[in-house]
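*Asks:* What shape does this take:
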Amino acid sequence: MHRLLCSVLLLTCLAWPQQPSDERGPWNSPAPNADRDKEAGVSSSRDTQVDLSPPKDDTKKHPDSAGAVADAESDRSSDVQEFRPWDPHKAAKDVEVGDFYFKRQNYVAAADRYKEALFYKSDDAVAHYRLAQSLEKLDHPAEARTHYEAYLKILPHGPFSKDAQKALEKLKAAEEKNQSAVKPAQ
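*Replies:* Here you go, the predicted structure:
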């Protein structure tokens, strides 16, 4: 059985039509008219250009759209719009490293890593919460309050929402106490 299979395979390979080495197969043949386009300096993508102009009856169907477009264009201060990188995996790693520093009571390093996590994923609720905790330990109550509020805005019923509410109440009470202590001194 084995010899029969080998002999059939050998005969199939010998009977297979061989291509001369100078011929091109379908997998590496040039695109039709590629030489002509190269000589003319024309791109082959000219056939796939997308028409971005509005339809002919667009102003009739949407009479108020010109004002909305003008408002949107006037809001832009320049043609350049900056994007922030979005990398949730990097953000998660930064939160993990921030937790390492937080456990070692290195709150400055922890806050830096949580801020970096928010750079890569601005709506990361856990990073906001942990950054708020770090800032609270570093005695930056106003910034901590901002990040606790950001956490509650993202996850109002999240796993740390009760703790964030308590921390906000504590920060508000401390702020009121500091304001009342300052008033009599004046």
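*Asks:* Going by C-alpha atoms from here, please, whenever you check contacts or count neighbours.
*Replies:* Fine.
*Asks:* Quick check: phi and psi at P55.
*Replies:* P55 has phi and psi values of phi -60, psi 160 when expressed as degrees, to the nearest 10.
*Asks:* Just give the number of residues close to it.
*Replies:* P55 has 9 neighbours, counted by other Cα atoms under 10 Å.
*Asks:* ok, now S122?
*Replies:* 18.
*Asks:* Roughly how far does it sit from E82?
*Replies:* 15 Å (Cα to Cα, to the nearest Å).
*Asks:* Please apply the same query to P55.
*Replies:* 30 Å.
*Asks:* before we move on, what about V50?
*Replies:* Taking Cα to Cα, one finds V50 at 25 Å from E82.
*Asks:* quick one: the helices in the protein?
*Replies:* 2-15, 34-40, 58-61, 65-75, 88-103, 107-120, 125-137, 141-154, 161-185 (DSSP state H).
*Asks:* of all the ones you listed, which gets the most neighbours per residue?
*Replies:* Highest mean neighbour count of those: helix 125-137, a mean of 24 (counted as mean count of other Cα atoms under 10 Å).
*Asks:* Just the angle for that helix relative to helix 88-103, thanks.
*Replies:* 30 degrees (axes from the mean of the first three to the mean of the last three Cα atoms, to 10 degrees).
*Asks:* Any chance of the helices of the chain in TSV with mean pLDDT as columns?
*Replies:* Output for these, formatted as TSV (pLDDT from 0 to 100):
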stretch	mean pLDDT
helix 2-15	66
helix 34-40	58
helix 58-61	77
helix 65-75	65
helix 88-103	97
helix 107-120	97
helix 125-137	97
helix 141-154	96
helix 161-185	86
